[in-house]
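Student: sequence and predicted structure below; questions after.
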Amino acid sequence: MAMSKCPKCDGLLFEAVVKDNVYNYNRSLAFIQCRTCGCVVGVTYQQHIPSVLDLIKQKLGIRT
């Protein structure tokens with residue numbers, strides 16, 4: 001299996017860094033970045049959407 005590597009420094013370790021101060025966006029995002037040089041390689045929502053939907057269903061009393 002191929003190893004993911006940073007396109008900037010060829011680093012092999014990554015981390016998710018949550019930011020809530022993104023200009024013109026009012027939700028938190030998780031930036032996936034190289035632990036060595038900080039190059040951002042991806043962005044995702046901070047919250048796991050299926051988990052949030054399960055909580056909503058639970059509060060509404062919906063059983064699946």
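Tutor: Cool, the structure landed. Residues are numbered from 1 along each chain as shown.
Student: ok, residues contacting stretch 33-41?
Tutor: With C-beta atoms under 8 Å, 6 or more residues apart in numbering as the test, stretch 33-41 has contacts from 6-9, 11, 13-17, 31-32. For the C-beta atoms, the positions are set from N, CA and C on the backbone; glycine is no exception.
Student: repeat that for 10 Å
Tutor: With C-beta atoms under 10 Å, 6 or more residues apart in numbering as the test, stretch 33-41 has contacts from 4-17, 31-32, 42-43.
Student: that stretch: end-to-end distance?
Tutor: With C-alpha to C-alpha, to the nearest Å as the measure, the ends of stretch 33-41 fall 6 Å from one another.
Student: list the buried ones in it?
Tutor: 33-34 (16 or more other C-beta atoms under 10 Å).
Student: CA-only coordinates of the host helix or strand of Leu55 in CSV, if you can.
Tutor: Assigned by DSSP states H and E, Leu55 belongs to helix 49-60. As requested, the backbone C-alpha atoms of helix 49-60 are provided in CSV (Å, rounded to 0.1, in the frame of the first residue of the first chain):
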residue,chain,number,x,y,z
ILE,A,49,-21.9,14.5,10.4
PRO,A,50,-23.4,11.0,10.9
SER,A,51,-22.8,11.3,14.7
VAL,A,52,-24.6,14.7,14.7
LEU,A,53,-27.5,13.2,12.7
ASP,A,54,-27.8,10.4,15.3
LEU,A,55,-28.0,12.9,18.1
ILE,A,56,-30.8,14.8,16.3
LYS,A,57,-32.7,11.6,15.6
GLN,A,58,-32.3,10.6,19.3
LYS,A,59,-33.6,14.1,20.4
LEU,A,60,-36.6,13.8,18.1
